[in-house]
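In: this one's structure only:
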Ligand SMILES: Cc1ncc(COP(=O)(O)O)c(C=O)c1O
């Protein structure tokens, strides 16, 4: 079986796993406890926080650990918007339809249940937010803006630093979902200029079920999990020390090995894109041709049922995706693909191939040899 779905999730890096193990066994204390078991756990927690802060170029007390990328997005959006409205009365959210549902559904809920209104940003043909549409849409009524760093379905990278700079000049908080980006792109919050940034561990070889939210000092946030005073009173709940330790180690490694990991996947990605477009009739790339995640190739094939193609690929030994993992099994075309302007006969036939540490040229060749016949088969059955 060849795994080509690293944007859905990654295996845990052996070094992250090794770093975690003592915290399941002998060093199992609760970091809030006074005794030595607690002190050891607390010291592991604070070391992990420092490690994450070093990668993000921020202060350790600007990092909150959460249970996943979705939770970080929820806390940033809901917590940030509520705090801002309380402080200034502003009640508009500025975001885009092609955000991960952890952002877009939260924005919709803020509109439906909390009295906010959402301005949906215009997107270009590659699914990127343009600085012009962003500047035209941001007003003094805007409580919070949220634009993802890199899109999970189509790989497009947004011009975050430009957008955040403008938001700051207007004194509006800027959140970015960097859940996909953190595996390959620079997540220095000073050069990006963001106020809030979400991370999720399982996209960069940390375990599933652990995330972080960067909160720039001075950014208001109303907590959604209330209880103990953990995470500076902004996210209650006893911290998951082994997972947090694994998260910090995996993020540190991702930053340290960013260039070599990129150099490994990018030529394979470019080969896939070039070959698929050449050998498969009625195929198109989705997302930006250059400005995209280095491990990410995504396509649409006309008159193909994307989910059926995934099953055929699985039977042939290849694990791919038709969009984000959360969408698999949904017969409706993905909103992200539809927002690029593809009609239904194209949009239903999406395929995402994402590479990672164990991807090899041989695996990619074998995938490229297999794919054309399977697309052909899926087309014949569709007719
Ligand atoms: C861009 C983006 N944001 C948020 C999430 C949610 O992250 P998690 O699975 O850690 O909740 C994902 C996961 O696919 C994602 O790709």
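Out: Structure received. Computed from a predicted structure; not experimentally measured. Residues are numbered from 1 along each chain as shown.

In: C-alpha from now on. contacts and neighbour counts both.
Out: Noted.

In: buried residues, stretch 124-142. List them.
Out: 126, 127, 128, 129, 130, 131, 134, 138, 142 (16 or more other Cα atoms under 10 Å).

In: out of those residues, which are inside strands?
Out: Using DSSP state E, the subset of the buried residues of stretch 124-142 located in strands is residue 142.

In: export the buried residues of stretch 124-142 to TSV and tack on pLDDT?
Out: Output for the buried residues of stretch 124-142, formatted as TSV (pLDDT from 0 to 100):
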residue	pLDDT
126	97
127	97
128	98
129	97
130	93
131	94
134	97
138	97
142	98
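
In: make JSON lines from the buried residues of stretch 124-142 and add distance to residue 233 to it.
Out: Compiled in JSON lines, these are given as follows (distance: Cα to Cα, whole Å):
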{"residue": "126", "distance to residue 233": "40"}
{"residue": "127", "distance to residue 233": "37"}
{"residue": "128", "distance to residue 233": "35"}
{"residue": "129", "distance to residue 233": "34"}
{"residue": "130", "distance to residue 233": "36"}
{"residue": "131", "distance to residue 233": "35"}
{"residue": "134", "distance to residue 233": "33"}
{"residue": "138", "distance to residue 233": "30"}
{"residue": "142", "distance to residue 233": "26"}
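
In: list the contacts of stretch 73-80.
Out: Outside stretch 73-80, the residues that touch it by Cα atoms under 8 Å, 6 or more residues apart in numbering are 102-103, 106-107, 110, 144, 146, 173, 175, 177, 196-198, 213, 219-224.

In: 7 Å instead, please
Out: If you take Cα atoms under 7 Å, 6 or more residues apart in numbering as the criterion, stretch 73-80 is touched by 102-103, 106, 110, 144, 175, 177, 196, 198, 220-224.

In: mind checking which of those residues are buried?
Out: 102-103, 106, 110, 144, 175, 177, 196, 198, 220-223.

In: for the residues you listed, name the two members farthest from one another.
Out: Among the buried ones among the contacts of stretch 73-80, the pair separated by the greatest distance (Cα to Cα) is 102 and 220, at 19.9 Å.

In: just to revisit the earlier point, which one of the buried residues of stretch 124-142 is nearest to residue 60?
Out: Using Cα to Cα, residue 142 comes nearest to residue 60 of those, at 28.5 Å.

In: doesn't residue 92 make contact with that closest one?
Out: Yes - applying Cα atoms under 7 Å as the test, residue 142 and residue 92 come out as touching, 4.5 Å apart.

In: thinking again about what came up before, ok, so of the contacts of stretch 73-80, who is nearest residue 232?
Out: residue 223 (10.2 Å).

In: hang on, the earlier thing: in helices only, show me the buried residues of stretch 124-142.
Out: Mapping the buried residues of stretch 124-142 onto helices (DSSP state H) picks out 131, 134.

In: so is the lowest-mean-pLDDT helix or strand in the chain next to the ligand?
Out: Ranking every helix and strand in the chain by mean pLDDT, DSSP states H and E puts helix 335-338 at the bottom, with a mean of 91. No - Helix 335-338 is not in contact with the ligand by Cα under 6 Å from any ligand atom; minimum separation 11.7 Å.

In: for that helix, buried residues please.
Out: 336, 337, 338.

In: likewise for stretch 341-352?
Out: Result for stretch 341-352 [16+ other Cα under 10 Å]: buried residues 342, 346, 347, 348, 349, 350, 351, 352.

In: any idea how far the second one lies from residue 319?
Out: Using Cα to Cα, to the nearest Å, residue 346 is found at 21 Å from residue 319.

In: for the fifth one, same thing?
Out: Using Cα to Cα, one gets 16 Å for the distance from residue 349 to residue 319.

In: repeat that for the fourth one.
Out: Counting by Cα to Cα, the gap between residue 348 and residue 319 amounts to 18 Å.

In: circling back: sort out for me which of the buried ones among the contacts of stretch 73-80 are in helices.
Out: Among the buried ones among the contacts of stretch 73-80, DSSP H puts 102, 103, 106, 110 in helices.

In: not counting its neighbours along the chain, what's nearest the first one?
Out: When you say that, I think you mean residue 102. Using Cα to Cα, 6 or more residues apart in numbering and skipping the chain neighbours, the partner closest in space to residue 102 is residue 70 (5.1 Å).

In: ok, the second one next?
Out: Of all residues beyond its chain neighbours, the one nearest residue 103 is residue 73 (5.8 Å), with distances taken as Cα to Cα, 6+ apart.

In: and for residue 262?
Out: Residue 262 sits nearest to residue 294 (Cα to Cα, 6+ apart), 6.2 Å away.

In: before we move on, back to that, in which helix or strand does the residue nearest to residue 102 reside?
Out: Taking DSSP states H and E as the criterion, the element that holds residue 70 is helix 69-74.

In: what's the first helix or strand after that helix?
Out: Using DSSP H and E, the next helix or strand after helix 69-74 towards the C-terminus is helix 80-88.

In: model confidence for the residue nearest the centre of the chain, exactly?
Out: The chain has residue 179 as the residue nearest its centroid, 2.5 Å off, counting by Cα atoms, centre = their mean. We have a pLDDT of 98 for residue 179.

In: what parts of this protein come near the ligand?
Out: 8, 68-70, 100, 102, 151-152, 177, 179-180, 200, 324.

In: got the domain boundaries for this structure?
Out: By the assignment in automatic domain parsing, the chain contains the domains 14-256, 258-382.

In: my guess is residue 273 meets residue 299, correct?
Out: No - using Cα under 7 Å, residue 273 is not in contact with residue 299, being 8.5 Å away.

In: pick out whichever of the two has more residues nearby.
Out: Using other Cα atoms under 10 Å as the criterion, residue 273 and residue 299 rank with residue 299 on top: 25 against 19.

In: tell me the SS of the more buried one?
Out: Under DSSP: H, G, I helix; E, B strand; the rest coil, the three-state class of residue 299 is strand.
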